[in-house]
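Undergrad: Give me coordinates for this.
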Amino acid sequence: MSSAVRRLQESLKIMILRIVRLGGFALVAVALLSGCSTLRGIFVGSHGAVCPTAGILVDTASLTAFRPELPNDPAGVLYAVDLNSVTTDCSFARRDGQTDSGLHFSFRATRSPNGESATYSVPYYVVVAQGARVLSKRNFTVQFSFAPGAATATFKEDVDSTVINLENGKQPYDYQLLVGLQLTPAQQDYNKKMGRFAQ
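TA: As a prediction, the model looks like this:
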């Protein structure tokens, strides 16, 4: 298991009463201190399959990028991105014990108005979890643009395929697809400083 996955697993284990946005609904994810997750929510796929749940980890739902000369200074904010929603659909090969999920993301970016167009790239991740166990993590990048003079930009992204091989006795809804923006330690500290985590 990579160090990044181990860090994320430890982060999951100490989450206490974080609000997780799930396909437009809000629910509370109680701490994984006890070794079990309370993430809940069911999406029905196009073939009537019960899909793995999908949710945003609020602690990584916002990313702020800074100008190099003013790091971690509100006066130096270049842009901010919020991961607003995620929905999922899936197919379920019951005989093979395998699900294949698609994920659909909605983002919103903001900046101070100016007269220039600009294009940026933002990293995000998709984790497959079962209870408190992190089974895999994949990293992605989405590109977006501000139009000339625009202070906001909305954009969407799809991850077409996330395959899960079900363990014995498990159902698709026993697994979670946890998503968020890939933050640097400095960006995580800034979120804490600015109170951008759910309480």
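Undergrad: Show me what secondary structure element comes after the lowest-mean-pLDDT helix or strand in the chain.
TA: Every helix and strand of the chain was ranked by mean pLDDT, DSSP states H and E. The lowest is strand 25-29, at a mean of 35. Sequence-wise, the next helix or strand downstream of strand 25-29 (DSSP states H and E) is strand 53-56.
Undergrad: just checking, what packs against the next helix or strand after that next one?
TA: Per DSSP H and E, the first helix or strand lying C-terminal to strand 53-56 is strand 62-66. Identification of packing neighbours for strand 62-66 by 3 or more Cβ pairs under 8 Å, 6 or more residues apart in numbering; DSSP states H and E yields strand 77-93, helix 185-193. In this view, the C-beta of every residue, glycine as well, is placed from N, C-alpha and C.
Undergrad: Report the backbone C-alpha coordinates of strand 62-66 in CSV.
TA: Extracted as CSV, the C-alpha positions of strand 62-66 are listed here (Å, rounded to 0.1, in the frame of the first residue of the first chain):
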residue,chain,number,x,y,z
SER,A,62,-12.3,22.9,-1.6
LEU,A,63,-8.9,23.9,-3.1
THR,A,64,-7.4,27.3,-3.1
ALA,A,65,-4.4,28.2,-5.3
PHE,A,66,-2.1,31.1,-4.6
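Undergrad: Can we start the residue count at 59 from this point?
TA: Got it, the first residue is 59 from now on, which makes the last one we talked about strand 120-124.
Undergrad: what about this protein, any weak spots by pLDDT?
TA: Scanning the chain for pLDDT under 70 picks out the ranges 59-107, 254-257.
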